[in-house]
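Enquirer: Here is a sequence together with a model predicted from it:
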Amino acid sequence: MPPSAGSQVSRVPAQRTPPEELAPPAVAPAPRQPRRRLRTALTVIAAVVAALCLTGGVVGYLVYDRATTPDRSTPAVVVDNYLRAYLVDRNDVRANLFACDGAAEFEMLRRLRNDLAAREERFSTTMWVSWESFAVNQVDDNAEVRVDLTFSAVVDGIRQSDRQSWVFTTRLNDDWRVCSAAVAS
């Protein structure tokens, strides 16, 4: 129907739609799925490495502890270790690891070690100490250990030695310890 003379029709000029509005919106790329296999593999590898490190640390500690703990398992062993620390190495701190706590009687052994040191200085030589013939007499938690000590040195090209029998008393608390030392009568 044509418009009547009295009515007015408003006309809107035709507008062209911009092309970006006509096209469907661009789809954003799907987020990349994380590599779950790689993450799982790395987690397993990290757990295995952590377990190996922990196990290695525990084994290392146990080996170290066993290697550094003094052997005080028997009366003869504790006397042997005490003699090595006290007379050969002349290490009082190490020797105390094998000695009874408190009232230990080592005055005769102290005098012997001082005498050996004085002879070394006087004759400009080295005194060697060795021992053999451990005889153990154990009664309950006490034991008496008889040992033959040999002292030797080379003085003016001549080898000299002396042998003495000693008696060491030991006591068992948590482990064996040397409590006294004296020349055997």
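Expert: Received, thanks.
Enquirer: just checking, what packs against the helix or strand hosting N81?
Expert: In the assignment (DSSP states H and E), N81 maps to helix 75-83. Helix 75-83 sits against strand 128-139, strand 142-155, strand 158-172, strand 176-183, with contacts defined as 3 or more C-beta pairs under 8 Å, 6 or more residues apart in numbering; DSSP states H and E. For the C-beta atoms, the positions are set from N, CA and C on the backbone; glycine is no exception.
Enquirer: T40 is nearest to which of these?
Expert: Nearest to T40 among the helices and strands packed on helix 75-83 is strand 176-183 (55.3 Å), distances taken as C-beta to C-beta.
Enquirer: and the closest one, how far from the chain's centre?
Expert: 30 Å (C-alpha atoms, centre = their mean, to the nearest Å).
Enquirer: Could you do stretch 52-59 as well?
Expert: The chain centre lies 12 Å from the centre of stretch 52-59; the measure is C-alpha atoms, centre = their mean.
Enquirer: Okay, buried residues for stretch 62-81 please.
Expert: 72, 74-81 (16 or more other C-beta atoms under 10 Å).
Enquirer: Which one of these is nearest to D156?
Expert: Proximity of those to D156 (C-beta to C-beta) peaks at D80, which lies at 32.0 Å.
Enquirer: Quick check: the gap between the closest one and A118.
Expert: Plainly put, D80 is 25 Å away from A118 if you go by C-beta to C-beta, to the nearest Å.
Enquirer: what's the answer for Y64, then?
Expert: Relative to A118, and taking C-beta to C-beta, Y64 is found at 39 Å.
Enquirer: And for W131?
Expert: 21 Å.
Enquirer: what do you get for A47?
Expert: Separation of A47 from A118 (C-beta to C-beta): 64 Å.
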